[in-house]
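[1] Below are the sequence and a predicted model; questions follow.
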Amino acid sequence: MHYCSYLHEDAHLPAQIRTALEEELYTAFNSGSDGVTHSDGELSRLEDASANRLRALRFTIANITRRASFLGLTAGNSRLAERIAHDAVEWCANVWTQAEDALPGEIDRQSADYIHRARQPDTGPTDESAVQQSLARAAGEAELRPAVAAVRALVAEERSAPPAARSQRSIEVRAAFDALGQRWSALLDSRDLSHELSFLHKALLPYVQSLNARVPALGRYMDMVRDIFGDSRRLWDRLPGAWQEVDIGPLEQYADALREEPSIRELARILGRGRDRQDRSAEFAERVVEKHLPYSASAGRSEINGIRFGNDLTSLLPSEIFLLSSPDTEMVFYKRFAESELLCLAYTTENTYYHTEHRTERIRAVREDRRGPIILCLDTSGSMAGVPERVAKALTLAVLKTAIGEGRSVYLVAFSDRIMTLELSAPDSSLEELSRFLGRSYHGGTDLRPALNQTLTMLAEDRFARADVLIVSDFRIPKILDRHIQRIGRQQRQGTAFYSLTVNRTGVVDEFNIFDRSWLYDISDETRRGIPLRSLTAL
């Protein structure tokens, strides 16, 4: 059985129904079938769902999968199938809630329930005026008028019967009320189902059309995100619908640019508190592993564990047998019998037990390098337009890709004559902003001082303490003020490293010895573009 790995925050659907619906949709999408739900599927195992809800579930699954034109994309693609199935269940939960809120006939439902319980010994005294009002409402239904007339006749006979026969008449009246209540409830159930299916039918078509338009883009997006950042799953957990809004064009553009920049990829790889690296040394440890091994034992037909659909005449519910008592409902019985949709008792036929085993395993533990967060300051002034802009944006993706793989945080400060900040510690919640940033054009003047102020402020926070700082610019900027030099020096003495990447024809002249390391991305000769690999030695 498939278990969905995404968060489920809605409370519209019971967990059992949600799980069954999501499993059926996932199976249909992943197999690429047009999704006719079979009797042995997850829906057949539901215990608490009403017959109407099960029919609505089957109707929804069949209509979504039969109208879907994207099954060729989801077939065999378990992650894409899981994503679409999860979103479809979210949509179903919301639409079903709207359909239920719009159901008509609540007063009739209460009256039918009252008729069903009237004269029953465990319901207490019957309010005769309420009974007559309920019978009058029932008589308004053409299908129920003969049954209402029969009930009234039996009540009249009961009142006029001699005392010796009155007890028998009371039993007949009680049964007649019970039968009328059941027929009325069945009629209302049928109308509710028709209303719900009509509501779903109107809503399903535009929803599936939107899926048909969006799923191909989602498939490209997930493939591209996986290529850039590794495991794409971690980028969706907390954003059920984000993929529908994100423009993936800029991400695709600069992902392609990054593939052509080996020196940029290498620079991103070596950043990250190099001074405090430890040797990767192997250690061994022992741990006790506990395994629970299942085994089954036959239980015969030992106990009732719920209700199922079927056509087993030996386990039918009384309400289904009652359908044979009237010519009006007899054909309903035969139809459900032929389609295996009669409500039957479900019995436990097999019990599962578990045997616990323990064993000791020797595992290899590797101490990873202690690599810290990264603060990336990007010059986005007009002088960076063109090749420098492409290099800076490709570097952003490279740094983010490396940081995600190593569980590190990234803080982006984009500066021109003002600054824009973007925390990329949690890509699942900032991917849309990153795509927007990559899609912007560079313009404006250059002022590094506000970016340095923001950088130094972030370094004062525990989560970015002793981070690596990389400033990417063509360094056509005003001089750095003395107070910044002093503050930078204090941070360096505490373990922070400041680096620069100049995207220009000549490197930055570091007169005040601010940077721990400086690199040049030479744009003077197209054949030699890039950072000289000999300068990208380990930090």
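    It's in.

[2] could you dump the host helix or strand of I64 to CSV, C-alpha only?
    Element membership for I64 (DSSP states H and E) is helix 51-67. Only the C-alpha atoms of helix 51-67 are listed here, as CSV (Å, rounded to 0.1, in the frame of the first residue of the first chain):
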residue,chain,number,x,y,z
ALA,A,51,-23.2,4.0,0.5
ASN,A,52,-23.7,7.5,-0.9
ARG,A,53,-20.1,8.5,0.0
LEU,A,54,-18.7,5.4,-1.6
ARG,A,55,-20.6,6.0,-4.9
ALA,A,56,-19.4,9.7,-4.9
LEU,A,57,-15.9,8.5,-4.4
ARG,A,58,-16.1,6.1,-7.3
PHE,A,59,-17.7,8.7,-9.5
THR,A,60,-15.0,11.2,-8.7
ILE,A,61,-12.1,8.8,-9.3
ALA,A,62,-13.6,7.6,-12.6
ASN,A,63,-14.3,11.1,-13.9
ILE,A,64,-10.9,12.5,-13.0
THR,A,65,-8.9,9.7,-14.5
ARG,A,66,-11.1,9.2,-17.6
ARG,A,67,-10.9,12.9,-18.5
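
[3] Check which residues of the helix or strand that it is followed by are buried.
    Using DSSP H and E, the helix or strand that directly follows helix 51-67 along the chain is helix 71-74. Buried residues in helix 71-74, counting neighbours by 16 or more other C-beta atoms under 10 Å, are found at L71, L73, T74. Backbone N, C-alpha and C define where each C-beta goes, glycine included.

[4] which of those lies closest to L342?
    The shortest approach to L342 among the buried residues of helix 71-74 belongs to L71, at 32.3 Å (C-beta to C-beta).

[5] Next one: the closest one, what pLDDT does it get?
    On pLDDT, L71 comes in at 88.

[6] Just give the nearest non-adjacent residue to it, would you?
    Counting by C-beta to C-beta, 6 or more residues apart in numbering, L71 lies nearest to G32, which is 4.5 Å off, once chain neighbours are set aside.

[7] quick revisit: considering the buried residues of helix 71-74, which is situated nearest to E196?
    Nearest to E196 among these, counting by C-beta to C-beta, is L71 at 25.6 Å.

[8] is it true that that closest one touches S33?
    Yes - L71 lies in contact with S33 (C-beta atoms under 8 Å); the separation is 7.5 Å.

[9] Report the contact partners of the residue nearest to L71.
    Counting by C-beta atoms under 8 Å, 6 or more residues apart in numbering, G32 touches L71, G72, T74, A75, G76.

[10] repeat that with 7 Å
    Residues in contact with G32 (C-beta atoms under 7 Å, 6 or more residues apart in numbering) are L71, G72, T74, A75.

[11] now do E143
    E143 makes contact with L187, D328 under the criterion C-beta under 7 Å, 6+ apart.

[12] Next, it: phi, psi?
    phi -70, psi -20 (degrees, to the nearest 10).

[13] separation between it and R534?
    Relative to R534, E143 is positioned 90 Å away (C-beta to C-beta, to the nearest Å).

[14] same question, A142
    Counting by C-beta to C-beta, the gap from A142 to R534 is 93 Å.

[15] can you check E526 too?
    20 Å.

[16] what's the burial count for A467?
    Using other C-beta atoms under 10 Å, A467 has 27 other residues around it.

[17] ugh, typo on my part, it should be R265
    By other C-beta under 10 Å, 18 other residues sit near R265.

[18] Surely it and V399 touch.
    No - look at R265 against V399 with C-beta atoms under 7 Å: they stay out of range, at 9.9 Å.

[19] who does D379 bridge with?
    F415 (DSSP bridges).

[20] And for it, the neighbour number?
    27.

[21] distance of it from R534?
    D379 sits 25 Å away from R534, going by C-beta to C-beta.

[22] quick check, V509 in a helix?
    No - with DSSP: H, G, I helix; E, B strand; the rest coil as the criterion, V509 is assigned coil and is not in a helix.

[23] Could I get the contacting residues of it?
    Not one residue lies near V509 by C-beta under 7 Å, 6+ apart.
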